[in-house]
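Asker: sequence-free structure coming up:
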């Protein structure tokens with residue numbers, strides 16, 4: 001998912017005053033080596049977040065590079081209305097082996113945003129072909145992010161990225177975020193889960209069941225909230241609500257899926273199958289842009305019966321080189337048991353991050369699953385009060401961790417679009433124990449320096 005580069009690297013940051021992004025202060029990338037990136041000055045950074053949770057195998061993996069070169073020697077792309085290809089067929093097989101036959105219908109696109117756009121169109125086409133032409137409305141959640149194109153942005157509860165485009169976005173209703181650390185109501189996780197399901201049902205009824213096409217959510221929220229896991233039982237309850245009202249359930253796994261959370265589908269942990277699912281980022285590991293929409297046989301049936309295929313796609317849909325790169329990434333993930341590795345060492349990674357920085361007064365919450373960890377920083381741990389946005393803690397944290405030689409993924413405005421500071425750690429799946437330890441060590445150093453800059457150490 002897109003993150004705006006609205007920061008500059010500061011050598012002295014002793015005063016909590018706003019800063020501005022100066023483009024020429026960004027380091028220039030030279031090359032990558034596994035979990036490391038080297039800039040043109042020779043400085044070496046460990047990639048503790050896989051960029052924006054993309055690089056599942058790190059950088060310059062020799063087998064992936066060889067697959068890309070081999071494909072280029074044949075053809076870069078066979079246009080989708082003229083040809084299929086061996087890489088596309090193989091990638092289909094690899095994905096279907098992970099998700100099962102029921103969710104095995106796949107559309108390939110070039111990004112997560114395109115995947116969301118196509119998911120929305122598939123949902124609308126499904127209802128139209130069933131005779132429910134009034135089902136045009138979508139419901140999503142506050143503090144969610146689904147992409148940067150206008151349609152995807154319309155269903156994103158991310159104020160910073162929407163504000164310049166309000167008035168041109170399609171109508172969407174937003175229900176409460178599913179956030180255990182900052183719950184919509186007091187009580188147990190079960191209470192929160194039931195409240196959120198009831199709220200969704202009430203919104204469906206308010207809009208008119210006959211008007212609602214789908215409910216869209218991230219099983220684990222990425223940039224908009226900072227690795228926010230839902231309360232226990234949440235996914236099952238919203239699945240039941242959607243089924244009662246004929247509303248499709250769309251799981252956006254662009255950031256949290258393809259193994260990032262220790263299962264190939266993040267929603268797999270909840271025992272719930274969506275009607276439509278999006279994936280991107282770790283699917284192709286960042287080597288060639290690629291995203292995908294997966295949809296159920298139930299959704300496919302009226303689409304195929306009337307139209308033959310989904311009425312969506314782009315020039316580079318099913319891009320041959322992209323599929324070749326992603327197929328090799330997924331071959332390696334499968335062969336080396338990397339999803340299982342992420343799952344087995346996820347609890348240790350979470351525990352080690354907590355041990356390293358959890359005692360800091362400014363650390364309010366450390367949460368996550370697999371290789372997807374969020375650290376929420378606060379001015380007051382007891383009240384969970386966020387830092388004043390004018391302090392620009394996220395930008396200072398980004399600068400200080402880069403100084404320390406760590407790439408992580410800090411995000412701001414995670415509470416209400418203005419306040420809230422979270423750092424995301426999302427290492428490559430094949431990171432060694434020593435590399436994970438280095439990430440944690442540099443994370444702790446960067447956090448201490450950034451907090452000292454605002455007198456909060």
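Answerer: Looks like it arrived, so ask away. It should be emphasised that the depicted structure is a prediction, and the values quoted were computed from it without experimental measurement.

Asker: nearest residue to the spatially most central residue of the chain in space, please, no chain neighbours.
Answerer: The C-alpha lying nearest the average C-alpha coordinate of the chain belongs to residue 255 (Cα atoms, centre = their mean; 2.0 Å). Leaving aside its chain neighbours, residue 255 sits nearest to residue 222 (3.5 Å; criterion: Cβ to Cβ, 6 or more residues apart in numbering). No exception for glycine: its C-beta is placed from N, CA and C like everyone else's.

Asker: so which strand or helix has residue 214?
Answerer: strand 212-217 (DSSP states H and E).

Asker: next: residue 141.
Answerer: With DSSP H and E as the test, residue 141 turns up in strand 137-141.

Asker: tell me the domain boundaries of this structure?
Answerer: 23-60+337-453, 75-335 (automatic domain parsing).

Asker: any idea how many residues pack against the closest residue to residue 234 other than its chain neighbours?
Answerer: Nearest non-adjacent residue to residue 234, counting by Cβ to Cβ, 6+ apart: residue 193, 4.5 Å away. Neighbour count of residue 193, defined by other Cβ atoms under 10 Å: 22.

Asker: any low-confidence regions in the chain?
Answerer: 1-24 (pLDDT under 70).

Asker: helices of that one, start to end?
Answerer: 50-53, 62-74, 86-99, 112-129, 150-154, 159-162, 189-207, 234-245, 297-307, 320-335, 338-357, 393-403, 433-453 (DSSP state H).

Asker: just the buried residues of the last one, please?
Answerer: Counting neighbours by 16 or more other Cβ atoms under 10 Å, one finds that the buried residues in helix 433-453 are 435-436, 438-440, 442-451, 453.

Asker: now stretch 120-138
Answerer: Across stretch 120-138, burial judged by 16+ other Cβ under 10 Å covers 120-129, 132, 135-138.

Asker: ends of it, how far apart?
Answerer: Stretch 120-138 has an end-to-end distance of 8 Å (Cα to Cα, to the nearest Å).

Asker: list of residues touching it?
Answerer: 107, 151-152, 154-155, 170-173, 207, 210-216, 246, 248, 250, 275-276, 293, 295, 299, 302-303, 305-307, 310-312 (Cβ atoms under 8 Å, 6 or more residues apart in numbering).

Asker: at 7 Å instead, please
Answerer: 151, 155, 171-173, 207, 210-214, 216, 248, 250, 276, 293, 295, 299, 302-303, 306-307, 310-312 (Cβ atoms under 7 Å, 6 or more residues apart in numbering).

Asker: among these, which ones are buried?
Answerer: The neighbour count (16+ other Cβ under 10 Å) marks 151, 155, 172-173, 207, 212-214, 216, 248, 250, 276, 293, 295, 299, 302-303, 310, 312 as buried among those.

Asker: go ahead and confirm residue 176 touches residue 140.
Answerer: No. Residue 176 is beyond contact range of residue 140, at 11.1 Å (criterion: Cβ atoms under 7 Å).

Asker: these two - which one has more neighbours?
Answerer: A direct count of neighbours by other Cβ under 10 Å for residue 176 and residue 140 places residue 140 higher, at 22 against 17.

Asker: which residues touch that one?
Answerer: By Cβ under 7 Å, 6+ apart, the neighbours of residue 140 are 146, 155, 157, 172, 174, 216, 217.

Asker: bridged to it, which residues?
Answerer: Per DSSP bridges, the residues bridged to residue 140 are residue 174.

Asker: before we move on, the earlier item: and the residue nearest to residue 234, how far is that from residue 265?
Answerer: Note on residue 193: its distance to residue 265, by Cβ to Cβ, to the nearest Å, is 20 Å.

Asker: do the same with residue 41
Answerer: From residue 41 over to residue 265 the distance is 41 Å, taken as Cβ to Cβ.

Asker: looking at those two, which is more packed in?
Answerer: It is residue 265, of residue 41 and residue 265, that has more neighbours when counted by other Cβ under 10 Å, with 25 against 8.

Asker: from residue 279, how far off is that one?
Answerer: Counting by Cβ to Cβ, the gap from residue 265 to residue 279 is 8 Å.

Asker: quick check: neighbours shared by the two?
Answerer: Shared contacts of residue 265 and residue 279 (Cβ under 7 Å, 6+ apart): 253, 257.

Asker: check contacts around residue 388.
Answerer: Applying Cβ under 7 Å, 6+ apart, no residues qualify as near residue 388.

Asker: now it: how far from residue 127?
Answerer: Residue 388 is 46 Å from residue 127, where distance means Cβ to Cβ.

Asker: could you do residue 339 as well?
Answerer: Going from residue 339 to residue 127 by Cβ to Cβ gives 34 Å.

Asker: cool, and residue 81?
Answerer: Here residue 81 is placed at a distance of 25 Å from residue 127 (Cβ to Cβ).

Asker: next one: residue 229
Answerer: With Cβ to Cβ as the criterion, residue 229 and residue 127 are 31 Å apart.

Asker: now do residue 375
Answerer: 41 Å.
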